[in-house]
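*Asks:* Sequence and predicted model, in that order:
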Amino acid sequence: MTQPLHFDSIATHAGRSGLAEHGVHVPPIDLSTTNPVPDLDASGLSYETMAGGGRPVPGGGNVYARLWNPTVARFEEGLAALEGTDEAVAFSSGMAAMTAVILAAKSESGGRHVVAVRPLYGGTDHLLGSPLLDVETTYCTPEEVGSAVRPDTCLVVVETPGNPTLELVDIAAITAAAGSVPVVVDNTFATPVLQNPARLGAALVLHSATKFIGGHGDAIAGVVAASTPWAEALRRVRAITGSLLHPLAGYLLHRGLATLPLRVRAGQAGADKLAGWASEHPAIAEVFYPGLPECDPAGLVGRQMRGPGAMFALRLSGGYDAAAHLVSSVRLFEHAVSLGGVTSLISHPASLTHRPVPADARPAADIVRVSIGLEDVEDLRADLAQALA
Ligand SMILES: *Cc1c(COP(=O)(O)O)cnc(C)c1O
């Protein structure tokens, strides 16, 4: 191939090298927990290298599946190609991935201070506020990152679009303000289809792959795209703590990459129409959608993001009661947490996903969050209309 491939071609082909030599069309699923030791010395070296975060040594084999799995490695290669990073490291969940990022950042820098820009996914907020990982977290606005960073800051945590109200954060401005402190961007809502934070200076790009990347609501997973030194630090954490992804899930996620661009763009087209419709609806006080000019004052859609995405949130004029009524009255939408699947979901963040967040930072009780799937948009509109009636 003489010219670099376009995004959709990478999505369908990355991580699939060498299949023809195996005589197969799709990646094999390797379920082995252990592997025959081909040579004691070479395998010993391979073990030591992988436990330290490296790759298997030629002739030494993969040794043990907590250290390396070829099916998962193919998914990682595909995701890294889409994010434009050297490598990616997959985990058993998005929260396992965030835990590994924090542990790796702490051990790389020796500091234990984290700067976090709210709003964040409730689980991330919960993790940063808990004593489990022994971090001290300063929460701040995007503008305050530069002054919040200290000599012992090991990590800056940002999510854009933010969960659940889709606030956009200027990633390049954050990475500039953070200076030499690594920035992790939670890219779950945007996906690599719409945004590549590593190109804007983020050291670590995190996904809850449970959402758009898997895309079918049948695999819990996380993945972090990063440079090789960071990937090694993350694999070291994964090997030591055992937060690895099961190869069946790795296979499903890799398969999901092929349709990711189509799914994200189709959900986005539906979200764009429905958000516009909702902003005219008398029962709705406010629509949060990056595609609406008032939600993107800095003009980041088109610059930082290639599109506004498939997620939006609504503030109900009738407060909590109206929000609770809406989520329990839908018929085609499913009332469930999570997002990014082929079917549309609606949820009430304050009651569920953001429940662990301290009350002063929790999303308001009159807000519902919507994830648009692949149904016909007219059916979704009719469902919202009847549920709002
Ligand atoms: C769901 C989610 C997570 C956590 O991922 P899990 O796979 O559920 O552990 C992290 N960040 C965002 C933005 C999410 O939506």
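*Replies:* Now that the structure is in, tell me what you want to look at.
*Asks:* Look up the closest residue to residue 288, ignoring the ones flanking it.
*Replies:* residue 313 (4.1 Å; Cβ to Cβ, 6 or more residues apart in numbering). (Each C-beta comes from the backbone N, C-alpha and C, glycine too.)
*Asks:* Settle this for me: the one you found is touching residue 368, isn't it.
*Replies:* Yes. With contacts counted by Cβ atoms under 8 Å, residue 313 reaches residue 368, the gap being 6.7 Å.
*Asks:* Give me the common contacts of these two.
*Replies:* Common neighbours of residue 313 and residue 368 are listed as residue 349 (criterion: Cβ atoms under 8 Å, 6 or more residues apart in numbering).
*Asks:* mind checking the longest helix of this protein?
*Replies:* Identified as the longest helix of the chain according to DSSP state H is helix 247-278.
*Asks:* How about it and the ligand, any contact?
*Replies:* No. Against the ligand, helix 247-278 shows no contacts by Cβ under 6 Å from any ligand atom, the least distance being 10.7 Å.
*Asks:* Tell me the spacing between the closest residue in space to residue 195 that isn't next to it in sequence and residue 105.
*Replies:* What sits nearest to residue 195 in space, not counting adjacent residues and going by Cβ to Cβ, 6+ apart, is residue 305, at 4.9 Å. For residue 305, the distance to residue 105 equals 25 Å [Cβ to Cβ, to the nearest Å].
*Asks:* more crowded one of these two?
*Replies:* Neighbour count, other Cβ atoms under 10 Å: between residue 305 and residue 105, residue 105 has more, with 26 against 22.
*Asks:* Who does the closest residue to that one other than its chain neighbours form a beta bridge with?
*Replies:* Nearest residue to residue 105 in three dimensions, chain neighbours excluded: residue 155, at 3.9 Å (Cβ to Cβ, 6+ apart). Judged by DSSP bridges, the bridge partners of residue 155 are residue 114.
*Asks:* For the ligand, what's the nearest residue on the chain?
*Replies:* Relative to the ligand, the nearest point of the chain is residue 94 (2.2 Å; Cβ to the nearest ligand atom).
*Asks:* which phi and psi does that residue have?
*Replies:* Phi and psi for residue 94, reported as degrees, to the nearest 10, are phi -60, psi -40.
*Asks:* what's it in contact with, if anything?
*Replies:* 121, 123, 188, 206-211, 221-222.
*Asks:* Many thanks, I have nothing further to ask.
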